[in-house]
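> just need the structure, nothing else, for what follows:
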Amino acid sequence: MRVDLHNHTTLCNHATGTTEEYIQRAIELKIDIFGFSEHAPMNFDEKYRLKIEDKEFYENDVLTLKEKYKNNIDILLGYEVDYLKGDYILPEVINSKVDYLIGSVHFINDGWGFDNPEFIGQYKNKDINTIWEDYFEAITNMVKCAQFDIVGHLDLIKVFKFLPTKDIKTIAYSTLKEIKKSNMVVEINSAGYRKPIGEQYPSKELLELCYELNIPITFSSDAHSVEQVGLNYQKSSSLAKEIGYTKCSYFQQRERIETSF
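Next up, the predicted model:
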């Protein structure tokens, strides 16, 4: 079974291609379960996410495709939700009738968009170990809020190859313990292959730690274009098998289901 749960649409304002083109490409690639998880509306960084007034259109579009292609592929509906300190997460999103919610951290230190090339210069303003610790503290807080099903791109902070001098497993260990406690799933996100870091999220060493802690996984291409659908899946799945994983997860109406891959 081939699963791909983290994919976007033009409604986030930084993707290309129609939703139907994504589905047609996924069928070509023999993806069995394909999920759309648009950047959820919130009152922050509104330039790069779905507008609240387009929420109903997005959901109806995905559900229409789900019905149209039900004999060819299982299409799931989700959101990728940014976790931020403060009252930013909208009840309309959390209470949506979706299959799953991905919780992600793209902002730390009072709103620094650390994975946005526009703000890469801010890495010089703070000790790199402290930046990593701040990031994983934010991930821990996201997990503890108990609103999400999947941890999005666990070690996204490595995107520009600014790596800590401290042991990465040591920095992330308590966070992974919280993920295990919460019964959340960690995605193996192949978008990292397209970024300066040149590898999947999370790193092999963190994925090994996930396996040791018996944390379930899923797969994501985090596509923002038709060409990115399913890209580098083989690398991600081969790595997971090398580490020892034989099953991955997906969700239907917030219920986790395991399948072999």
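
> so, low pLDDT: which residues of the protein?
Within the chain, no stretch has pLDDT under 70.

> one more pass at 90, please.
For the chain, the stretches flagged by pLDDT under 90 are 43-48, 85-88, 110.

> adjacent strands (with direction) for the lengthiest strand in the chain?
What stands out as the longest strand in the chain, according to DSSP state E, is strand 74-82. Sheet pairing for strand 74-82, assigned by DSSP bridges, gives strand 33-39 (parallel), strand 100-104 (parallel).

> switch those strands over to CSV; also include distance to Tyr233 and mean neighbour count.
Any C-beta I mention is one placed from the backbone N, CA and C, and that applies to glycine too. What follows is the strands paired with strand 74-82, written out as CSV (distance: least, C-beta to C-beta, whole Å; neighbours: other C-beta atoms under 10 Å):
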stretch, distance to Tyr233, mean neighbour count
strand 33-39, 12, 26
strand 100-104, 17, 25
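
> just put these in CSV and tack on distance to Leu63.
Converted to CSV, those look like this (distance: least, C-beta to C-beta, whole Å):
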stretch, distance to Leu63
strand 33-39, 10
strand 100-104, 15
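
> returning to that earlier point: what is the subsequent helix or strand relative to the longest strand of the chain?
helix 91-94 (DSSP states H and E).

> stretch 89-98: end-to-end distance?
16 Å (C-alpha to C-alpha, to the nearest Å).

> and for it, what are the contacting residues?
For stretch 89-98, contacts defined as C-beta atoms under 8 Å, 6 or more residues apart in numbering pick out 40-43, 52, 55, 59, 77-79, 81-83, 101, 147, 253-254.

> longest helix in this protein, by residue count?
helix 128-144 (DSSP state H).

> which residues touch the closest residue to Cys145 other than its chain neighbours?
Distances taken as C-beta to C-beta, 6 or more residues apart in numbering put Tyr83 closest to Cys145, at 7.0 Å, once the chain neighbours are dropped. Residues near Tyr83 by C-beta under 8 Å, 6+ apart: Ile89, Gly103, Ser104, Val105, Ala138, Ile139, Asn141, Met142, Cys145, Phe148.

> please spell out the ChimeraX selection for the buried subset of these.
Of the contacts of Tyr83, the buried ones can be selected in ChimeraX as follows, counting by 16 or more other C-beta atoms under 10 Å:
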select :89,103,104,105,138,139,142,148
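
> just the closest of the contacts of Tyr83 to Glu258, please.
The shortest approach to Glu258 among those belongs to Phe148, at 18.2 Å (C-beta to C-beta).

> tell me the contacts of the one residue sitting closest to the centre of the chain?
Residue closest to the average C-alpha location in the chain (C-alpha atoms, centre = their mean): Gly152, at 2.9 Å. Counting by C-beta under 8 Å, 6+ apart, Gly152 makes contact with His6, Glu80, Ile102, Gly103, Ser104, Val105, Glu187, Asn189, Ser220.

> of all those, which two lie farthest apart?
For the contacts of Gly152, and using C-beta to C-beta, no pair is farther apart than Val105 and Ser220, which are 15.5 Å apart.

> can you get me a residue count around the closest residue to His8 other than its chain neighbours?
Distances taken as C-beta to C-beta, 6+ apart place Ala15 nearest to His8, at 4.5 Å, with adjacent residues excluded. Neighbour count of Ala15, defined by other C-beta atoms under 10 Å: 19.
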